[in-house]
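**Student:** Sharing a model that was predicted from the sequence below.
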Amino acid sequence: MWIAASAGGAEVARRFSIQVAVIHMGAARVPEVGPFHLKMTAEEAVTASHAFTDAVIVPIHFEDWAHFSEGAEDIARAFQGARLEHRLRWPERGRTVEIELPIPMAKAG
């Protein structure tokens, strides 16, 4: 399992066989760091997901606070555009997340 809030997945993927990637998304922004973001953007998460070719992707920490500049729709759209939406597992607040491994392959078409 890989838990991340920033980029760097390629090196981890080279060293370890990751089956589940829990990724802090939402592209959080605060004035103190200027135009930079504190959590991954949806596109950065897609890039990280390409490094973990067989991993289930669990997006977390992307809603309910004003400093998030991307939400679930942005994440879903980015993963759909990359044809990786079948790898997403959306957690529900206060609920246990059960993840079936290995993940089913996407249907062509």
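**Tutor:** Right, received. Where do you want to start?
**Student:** can you pull out the strands in this protein?
**Tutor:** 2-4, 20-24, 56-60 (DSSP state E).
**Student:** Against which helices or strands is the shortest one packed?
**Tutor:** Counting contacts by 3 or more Cβ pairs under 8 Å, 6 or more residues apart in numbering; DSSP states H and E, strand 2-4 packs against strand 20-24. Where you see a C-beta, it was placed from the backbone N, CA and C, and this is true even at glycine.
**Student:** Quick one: mean pLDDT for the strand it packs on?
**Tutor:** Averaged across strand 20-24, pLDDT comes to 87.
**Student:** Could you work out which of the strands of the chain reaches nearest to Leu84?
**Tutor:** Leu84 lies closest, by Cβ to Cβ, to one member of the strands of the chain: strand 56-60, at 7.3 Å.
**Student:** CA atoms only for that closest one - export them in PDB, please.
**Tutor:** C-alpha atoms of strand 56-60 as PDB (Å, rounded to 0.1, in the frame of the first residue of the first chain):
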ATOM      1  CA  VAL A  56      -6.400   0.100  -6.900                       C
ATOM      2  CA  ILE A  57      -6.600   3.900  -6.500                       C
ATOM      3  CA  VAL A  58      -8.400   5.300  -3.500                       C
ATOM      4  CA  PRO A  59      -8.900   9.000  -3.600                       C
ATOM      5  CA  ILE A  60      -9.100  10.700  -0.300                       C
END
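**Student:** how big is the angle separating that strand from strand 20-24?
**Tutor:** Between strand 56-60 and strand 20-24, the angle comes out at 20 degrees (axes from the mean of the first three to the mean of the last three Cα atoms, to 10 degrees).
**Student:** What does the pLDDT read for Glu70?
**Tutor:** pLDDT, Glu70: 69.
**Student:** Output the below-cut-off pLDDT ranges for the chain.
**Tutor:** Within the chain, the stretches with pLDDT under 70 are 5-8, 27-38, 63-70, 102-109.
**Student:** any idea where the helices of it begin and end?
**Tutor:** 9-15, 42-51, 72-81 (DSSP state H).
**Student:** I'd like those as JSON lines, with distance to Ile99 and mean neighbour count appended.
**Tutor:** As requested, these are exported to JSON lines (distance: least, Cβ to Cβ, whole Å; neighbours: other Cβ atoms under 10 Å):
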{"stretch": "helix 9-15", "distance to Ile99": "18", "mean neighbour count": "14"}
{"stretch": "helix 42-51", "distance to Ile99": "15", "mean neighbour count": "20"}
{"stretch": "helix 72-81", "distance to Ile99": "16", "mean neighbour count": "16"}
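**Student:** Good, we can wrap up now.
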